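Asker: Turn this into a structure:
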Amino acid sequence: MRVGLNPVKDQQEAETTYYHQVVVPVYIPDEEGYFEHGVTILKYCLESLFKTSHPRTFITVVNNGSHEGVAEYLETLYRQEQIHELIHTRNIGKINAVFKGSSGHRFPLVTVSDADVLFLNGWQEATYAVFKEFPKTGCVTTTPNPKLLKYHTAPILGRYLFSGKLRFVPPKDTEALTHFAESIGAPDFYRSCHMSNVLRLEGKETHAVLGAGHFVATYRGHLLTEQEVAYSEYKLGGLSVRQHLDQPVADQGYWRLATEANHTYHMGNVAEAWMLERLRQLEDDSNHEIPLPELGTSRRGVRTRIGRWMVEKLLLRKPFWTWFLQQKGLSKKDAACYSN
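Answerer: Residues are numbered from 1 along each chain as shown. You can find the predicted model right below:
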């Protein structure tokens with residue numbers, strides 16, 4: 001039986017004051033072996049996020065099957081209103097957790113972050129500057145990765161094939177490259193050519209770097225919320241990240257870029273002294289207002305797809321790729337290094 005009408009029926013949702021969502025899936029099933037330092041790393045991640053994010057940031061944490069202690073810790077943060085949205089679920093995988101966190105919202109910008117990221121002051125300003133400088137930007141990561149130079153960057157490489165605005169320059173922060181390599185357990189991950197050269201796209205006020213990973217990245221919100229198939233059969237790995245986070249950016253004609261300087265650290269699964277030291281050095285920017293950058297639109301069509309396909313095919317040809325690298329400023333030795 002029903003008596004009367006629901007008082008919120010037909011009411012429109014109130015306009016939100018937030019314009020940037022950060023989604024953090026968390027999976028810490030226990031505190032043994034690989035996950036021994038998981039809770040400590042998670043605390044570093046969230047504390048750094050709280051300190052460095054402006055007040056228009058909507059923080060969503062998806063507890064993706066973590067143990068009870070983690071759930072209780074996250075509930076405490078939610079009650080303290082440091083987290084705006086907390087979702088508990090069984091382990092449904094990273095991508096499905098991201099979809100669960102982003103569904104029901106329409107934020108212009110959405111950052112997807114692993115739970116082992118240490119955010120630094122200025123990460124949002126640096127991200128917005130890239131979106132503003134390059135209107136075709138669809139995704140920005142705050143930790144450059146020169147080994148991913150060809151990863152979904154064909155439209156940019158084709159557009160600036162003969163332009164002096166796209167050139168190799170020394171990286172802004174070689175220490176950050178070393179940190180990342182060590183954080184994934186591969187200290188020799190980067191070769192000498194990567195440590196001394198990154199491909200930079202020059203803008204009028206802001207520069208960006210080609211080579212962007214996805215352990216933390218900021219996307220145009222609609223690239224996540226408007227996908228026809230918002231489900232992945234993989235819990236981790238497989239084609240899930242490529243299919244649902246990376247491919248849509250290129251498919252809709254947008255660019256994938258990284259900030260020139262490093263603004264986030266990948267911590268990995270082992271807590272180290274430098275992490276706490278950097279956390280303590282952070283300034284509290286939680287009350288620092290930052291305006292939403294104007295987001296232009298990108299046209300997608302047959303010409304865009306054909307052009308991207310042609311550039312991608314050329315990049316597969318080693319002679320062309322080596323020529324391109326040298327044409328953009330690499331020595332013959334470094335071009336050979338980048339080609340292998």
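Asker: confidence score at K328?
Answerer: Looking at K328, its pLDDT reads 96.
Asker: my guess is it contacts F168, does it?
Answerer: Yes - K328 lies in contact with F168 (C-beta atoms under 8 Å); the separation is 5.4 Å. No exception for glycine: its C-beta is placed from N, CA and C like everyone else's.
Asker: between those two, what contacts are shared?
Answerer: Contact criterion C-beta atoms under 8 Å, 6 or more residues apart in numbering; residues shared by K328 and F168: L199.
Asker: quick one, strands of this structure?
Answerer: 20-26, 57-64, 85-89, 109-113, 117-119, 137-141, 166-169, 198-201, 208-209, 216-220, 255-259, 264-266 (DSSP state E).
Asker: what about those, which gets the closest to Y34?
Answerer: Closest approach to Y34 among these (C-beta to C-beta): strand 20-26, 14.5 Å.
Asker: ok, residues contacting that closest one?
Answerer: With contact meaning C-beta under 8 Å, 6+ apart, strand 20-26 is reached by 42, 45-46, 49, 53-54, 56-64, 66, 70, 74, 94, 97-98, 101-102, 105, 107-115, 124, 218, 221, 292.
Asker: again with stretch 72-88
Answerer: Contacts to stretch 72-88, defined as C-beta under 8 Å, 6+ apart, come from residues 18, 26, 39, 42-43, 46, 50, 58-63, 66, 71, 97, 100-101.
Asker: mind redoing it with 7 Å?
Answerer: Outside stretch 72-88, the residues that touch it by C-beta atoms under 7 Å, 6 or more residues apart in numbering are L46, F50, F58, I59, T60, V61, V62, N63, A71, K100, G101.
Asker: Relative to P108, how far out is the third one?
Answerer: The spacing between F58 and P108, counted by C-beta to C-beta, to the nearest Å, is 11 Å.
Asker: who has more neighbours, these two?
Answerer: Between F58 and P108, counting by other C-beta atoms under 10 Å, F58 is the more crowded of the two (19 against 16).
Asker: Would you check how far apart that one and P25 are?
Answerer: Counting by C-beta to C-beta - F58 and P25 are separated by 16 Å.
Asker: Same check on L49?
Answerer: L49 is 13 Å from P25, by C-beta to C-beta.
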